[in-house]
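**Student:** A structural model of the following input is requested.
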Amino acid sequence: MDALFQKPGPYHAPGTSSEHLLTLHKAAELLGLPYWQIQRAVKRREIPSYRPFNSRPLLKLSEVVAFIDASRQGGVE
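**Tutor:** Purely as a prediction, here's the structure:
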């Protein structure tokens, strides 16, 4: 999973990330979640998605994890 997060290369604009974009199915598989949960969060615009060239929605894994962390309730940190 470390390969999904990379430092920006010399050709990236300042402030941008070279993090790979994942399909909803791949993100669900990596996180061990049902596909429909990811799909529902994207449709509700709770998780940002990207549609380059008007294609299927793609996600950044870090944004999905951030959404899950923000949804945390109770428990010990």
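**Student:** nearest spatial neighbour of residue 46, skipping sequence neighbours?
**Tutor:** Closest residue to residue 46 apart from its sequence neighbours, by CB to CB, 6 or more residues apart in numbering: residue 67 at 6.0 Å. Every residue, glycine included, has its C-beta placed from N, CA and C.
**Student:** wait, what's in contact with the one you found?
**Tutor:** Residue 67 makes contacts with 41, 46, 47, as judged by CB atoms under 8 Å, 6 or more residues apart in numbering.
**Student:** any idea which element residue 46 lies in?
**Tutor:** Taking DSSP states H and E as the criterion, residue 46 maps to no regular element, lying outside all helices and strands.
**Student:** now do stretch 56-71, average pLDDT.
**Tutor:** Mean pLDDT, taken over the full extent of stretch 56-71, equals 93.
**Student:** make that stretch 22-42, sorry
**Tutor:** For stretch 22-42, the mean confidence score works out to 95.
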